[in-house]
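# With the sequence up front, the predicted model follows.
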Amino acid sequence: VMAQSGAAAGAAPVIARAHHGSVSREERKHIEESLKSGQLPAVVATSSLELGIDMGAVDLVVQIEAPPSVAAGLQRVGRAGHQVGAVSRGVVFPKHRGDLLSCTVVAERMGAGAIEELHFPRNPLDVLAQQIVAMVALEPWGVGDLAAVVRRSAPFAELPDSALHAVLDMLSGRYPSTAFAELRPRLVWDRATDLLTGRPGAQRLAVTSGGTIPDRGLFGVFLAGAERAARVGELDEEMVYESRVGDVFLLGSSSWRIEEITPDRVLVSPAPGQAARMPFWKGDTVGRPVELGRAIGARVRALLRQ
């Protein structure tokens, strides 16, 4: 006869999964679909909650610790009920007594819609180069017409001709020294007619190489032995330097054993149930916005006067 201790079904094997930028796109999509279908009760997310989860299936956002800014707090809570007519609901939990003040001020400013002032970059030449390649990949452009269109954008409103011509020189293969000789030109600049035309492959390059994400020295993590390289996630280069073949680490709430370390990737195999260590990534903490800092300071002074 079964005893009473064996009559219960037990807790669900998976209560929550991690939604992190280091997890591969396919795995993040699987996690989001599981949450949306109701198979997964919750996800634990980092700053990927601000832009990475975009669906109306989230009922409640639980923010642990004060958000770094009012805008970030609204963006994160806005993931809940993210559809027309729905109400976004969130709860902010302070981690300690000192964090209570920040949580209070941020929550009040979120309710008032007091988001921080935005500052856009001036003359980001890397973005300019990408946009020029994308423009000339579709049709020829005159230098004057291209400059007029570019300067209609606020970041490039005061773009000097010298900077524009330097970018065009770089894209057309006119480099300052032979050290750049291995770089392939992306467009043709007919200086007699001032006409810019794209080289073969420019359109594909513009589509696949957009964005301004810098090279952070991350190693891609791929499944070993697979016919098609299945990407699992990524690891910091220092984390890889301190790891050895056979080590087991945790990534995306799953354990993985390192099978091989190459100059640019880590090959792993699943290691379910094995004791694993947590990976680490390094990054500079975003500073507190000046508006939020002043509001917290004003609240502290008001409390001291009471």
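Yep, it's here.

# Can you tell me what sits against the longest strand along the chain?
Among all segments of the chain classified by DSSP state E, the strand with the greatest residue count is strand 254-261. Defining contact as Cβ atoms under 8 Å, 6 or more residues apart in numbering, one finds that strand 254-261 is touched by 219, 221, 224-225, 232, 240, 243-250, 266-276. (C-beta placed from N, C-alpha, C; glycine too.)

# PyMOL command for the buried members of these?
Applied in PyMOL, the following selects the buried portion of the contacts of strand 254-261 according to 16 or more other Cβ atoms under 10 Å:
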select buried, resi 219+221+224+232+240+243+247+248+249+250+266+267+268+271+276
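
# Now intersect the contacts of strand 254-261 with the strands, please.
Phe219, Val221, Val232, Val248, Phe249, Leu250, Val266, Leu267, Val268, Ser269, Pro270.

# beta partners of the first one?
When bridges are called by DSSP bridges, Phe219 pairs up with Leu235.

# State the helix or strand in which His119 lies.
Under the criterion of DSSP states H and E, His119 resides outside all helices and strands.

# what about it, how many neighbours?
6 (other Cβ atoms under 10 Å).

# try Thr178
Burial measure for Thr178: 7 neighbouring residues, criterion other Cβ under 10 Å.

# Pipe the ones in strands among the contacts of strand 254-261 into CSV and attach pLDDT and distance to Trp189 per row.
Compiled in CSV, the ones in strands among the contacts of strand 254-261 are given as follows (pLDDT from 0 to 100; distance: Cβ to Cβ, whole Å):
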residue, pLDDT, distance to Trp189
Phe219, 86, 38
Val221, 89, 41
Val232, 84, 43
Val248, 92, 54
Phe249, 90, 49
Leu250, 88, 51
Val266, 91, 42
Leu267, 92, 44
Val268, 91, 46
Ser269, 91, 51
Pro270, 89, 52
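
# For Val300, see how far away the spatially closest residue to Gly217 that is not a sequence neighbour is.
Taking Cβ to Cβ, 6 or more residues apart in numbering, and ignoring the residues beside it in sequence, Gly217 has Glu237 as its nearest neighbour in space, at 4.2 Å. Taken as Cβ to Cβ, to the nearest Å, the spacing of Glu237 relative to Val300 amounts to 41 Å.

# give the contact list for Ser102.
With contact set as Cβ under 8 Å, 6+ apart, Ser102 has these partners: Ala66, Pro94, Ile296.

# circling back to that earlier point, quick one, which of Glu237 and Val300 is more surrounded?
Glu237 (15 against 12).

# My guess is that one contacts Pro263. True?
No - with contacts defined as Cβ atoms under 8 Å, Glu237 does not count as touching Pro263, sitting 10.7 Å away.
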